[in-house]
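A.B. asks: Let's see this in three dimensions:
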Amino acid sequence: MKEHIIPTDEEREIIKGLEKRQDADALRMKRYLNMPDLSRTPGSPIAEIVERIVKAPYFKDLDIIKTPEIVPADVSFDLFDFPADHPARSKSDTYYVDDKNILRTHTTVCWYYYLMMEEIKKRITENKPAGCFSFGKVYRKDEIDRNHMNIFHQIDGWYLVPKAVGTMGKKDLEDALGNIAIAVFGPDTKYRLNKDTFPYTDPSLEMEVEIEGKWVEVVGCGVVKGKVLENFGIDSSNYTGWAFGFGLERLAIVSMSLPDIRLLWSEDERVKKQLKLGSKYKEVSKYPPITRDISFVVDKSFVPNNYFDLIREVIGEDLVEEVKLIDKYENEQKFGQNKISYAYRIVYRSLEKTLTDSEVDAMHKKLEQKTAEACRAKIR
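C.D. replies: As a prediction, the model looks like this:
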């Protein structure tokens, strides 16, 4: 199965411009782009999940495509029929490199690049089936806790067939999802399918697998909408297809009962040797948490997701386990017009050592200073 790598001159030029910038947003995005792609890192359970899926006999006809990580916003949203008011379009949810380009929020964007390839255009012209996998890092501004990071990994797959070959329907979705469950969790896995809703497929299903007596949602799939096919220049009166996509961290966490998503990035050999799919993770050492609260008054234009990025930047992803909103209120008489008070509880915990009170106090003091500067906040 050959991997097609799609470099674009446009992305290279955007990266050149980004490299010259020294503003906080640019420094942050450059750091994220330079983080390793665990879906292509030998030994990572993320890469193992990918390998199991792409090597499943059921998917033998699918190509593999590696797409840019900086993509046009209209390609990412408009072509897939995201509503104009969809939260993903907001700068509070998505990293905008400039007014027109973003760090990719989903690997489904592969459809656009795949259909631009000359050999695939030829395949469609000849009325033949076509389909591909795409996997890698995606970026979304997100909260901080043990199950979420703003950088994670996805895999997408889709398959189109001319109606002379067949018409895709619910049975094809069930077969695709079933084969994913078997590939990742083994032939004895129990799974169930439920109706769901996605912007670019209809009908749509989501799959849950039973893990240690609990049903866990792991993947969504659907028949590609005719309107979306037309957006990509595919005659929907002739072609139908299925598509699936999901985050890989969720499957890895479920498979190994990981207590913290940060473990997937660990360089600690005691951790790395345990990161094997299907093998239940045992704590290397449960380093104690230290909790500190921060409260401040800011303008109502304050964006929490941007603040979480500031915390990651100041403290580091590896030292903050959770950030929880514990209070939020307005009092114009007390704080002034268009002002609002936030209070967050921050759980500091390293996966590799015991943090001391003095270390945490120093980090927390620095966070207060940066909060005041970057957010124009008044610390309370």
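A.B. asks: Surely Ile290 is in contact with Ser358?
C.D. replies: No - under the criterion of CB atoms under 8 Å, Ile290 is not in contact with Ser358, lying 10.5 Å apart. C-beta: built from backbone N, CA, C; applies to glycine.
A.B. asks: So those two - more neighbours on which side?
C.D. replies: Ile290 (20 against 8; other CB atoms under 10 Å).
A.B. asks: separation between the more buried one and Val320?
C.D. replies: Between Ile290 and Val320 the distance is 11 Å, computed by CB to CB, to the nearest Å.
A.B. asks: mind listing the helices for the stretch 251-380 of the chain?
C.D. replies: All helices of the stretch 251-380 of the chain, identified by DSSP state H, counting those that start in this stretch, fall at 269-272, 304-315, 332-335, 357-374.
A.B. asks: If I take the second one and helix 357-374, what angle do their directions form?
C.D. replies: Right, the one you point to is helix 304-315. Here helix 304-315 runs at an angle of 130 degrees relative to helix 357-374 (axes from the mean of the first three to the mean of the last three CA atoms, to 10 degrees).
A.B. asks: which parts of helix 304-315 are buried?
C.D. replies: Asn305, Asn306, Tyr307, Phe308, Asp309, Leu310, Ile311, Arg312, Glu313, Val314, Ile315 (16 or more other CB atoms under 10 Å).
A.B. asks: for the third one, same thing?
C.D. replies: Taking 16+ other CB under 10 Å as the neighbour-count basis, helix 332-335 is seen to contain the buried residues Phe335.
A.B. asks: And the average pLDDT for it is what?
C.D. replies: Average pLDDT, helix 332-335: 92.
A.B. asks: Name the residues that touch it?
C.D. replies: Val297, Lys339, Ser341 (CB atoms under 8 Å, 6 or more residues apart in numbering).
A.B. asks: rerun that using 10 Å as the cut-off
C.D. replies: If you take CB atoms under 10 Å, 6 or more residues apart in numbering as the criterion, helix 332-335 is touched by Val297, Val298, Tyr329, Asn338, Lys339, Ile340, Ser341, Lys378, Arg380.
A.B. asks: gap between the fourth one and Gly157?
C.D. replies: Okay, so that is Asn338. Counting by CB to CB, the gap from Asn338 to Gly157 is 47 Å.
A.B. asks: Just the strands from the stretch 1-150 of the chain, written as ranges.
C.D. replies: 3-5, 63-66, 70-72, 101-103, 130-139 (DSSP state E, counting those that start in this stretch).
A.B. asks: sorry, back to before: just so I know, which of the helices of the stretch 251-380 of the chain lies nearest Ile6?
C.D. replies: Of all the helices of the stretch 251-380 of the chain, helix 304-315 sits nearest to Ile6, with 28.1 Å by CB to CB.
A.B. asks: Ranked by average pLDDT, which of the strands of the stretch 1-150 of the chain falls at the bottom?
C.D. replies: strand 3-5 (a mean of 84).
A.B. asks: is it true that Ile124 touches Gly131?
C.D. replies: No - using CB atoms under 10 Å, Ile124 is not in contact with Gly131, being 11.3 Å away.
A.B. asks: can you redo the helices of the stretch 251-380 of the chain as CSV with distance to Lys280?
C.D. replies: Listed next are the helices of the stretch 251-380 of the chain as CSV, based on distance: least, CB to CB, whole Å:
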stretch, distance to Lys280
helix 269-272, 14
helix 304-315, 29
helix 332-335, 49
helix 357-374, 30
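A.B. asks: So for Ile124 and Gly131, which residues contact both of them?
C.D. replies: Common neighbours of Ile124 and Gly131 (CB under 10 Å, 6+ apart) are Leu160.
A.B. asks: Tabulate the strands of the stretch 1-150 of the chain in TSV, adding columns for distance to Lys353 and mean neighbour count.
C.D. replies: TSV is the format used below for the strands of the stretch 1-150 of the chain (distance: least, CB to CB, whole Å; neighbours: other CB atoms under 10 Å):
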stretch	distance to Lys353	mean neighbour count
strand 3-5	39	13
strand 63-66	36	20
strand 70-72	35	22
strand 101-103	31	24
strand 130-139	27	24
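A.B. asks: Export the ones you listed as TSV, with columns for distance to Ile234.
C.D. replies: Output for these, formatted as TSV (distance: least, CB to CB, whole Å):
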stretch	distance to Ile234
strand 3-5	19
strand 63-66	16
strand 70-72	19
strand 101-103	24
strand 130-139	9
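A.B. asks: Ok, which of the ones you listed comes nearest Leu229?
C.D. replies: Using CB to CB, these put strand 130-139 closest to Leu229, at 11.7 Å.
A.B. asks: now the farthest one out in the chain, which residue is it?
C.D. replies: Here the chain reaches farthest from its C-alpha mean at Gln333, the gap being 41.5 Å by CA atoms, centre = their mean.
A.B. asks: Distance of it relative to Lys339?
C.D. replies: 11 Å.
A.B. asks: The helices of the stretch 251-380 of the chain: which one's closest to Lys30?
C.D. replies: Among the helices of the stretch 251-380 of the chain, helix 304-315 sits nearest to Lys30 (CB to CB), with 11.8 Å.
A.B. asks: neighbour count winner among Asn338 and Gly157?
C.D. replies: Remark: of Asn338 and Gly157, Gly157 carries more neighbours, 25 against 11, as counted by other CB under 10 Å.
A.B. asks: mind listing what's buried in the host helix or strand of Gly157?
C.D. replies: Counting by DSSP states H and E, the element that carries Gly157 is strand 151-162. For strand 151-162, a neighbour-count test (16+ other CB under 10 Å) marks Ile151, Phe152, His153, Gln154, Ile155, Asp156, Gly157, Trp158, Tyr159, Leu160, Val161, Pro162 as buried.
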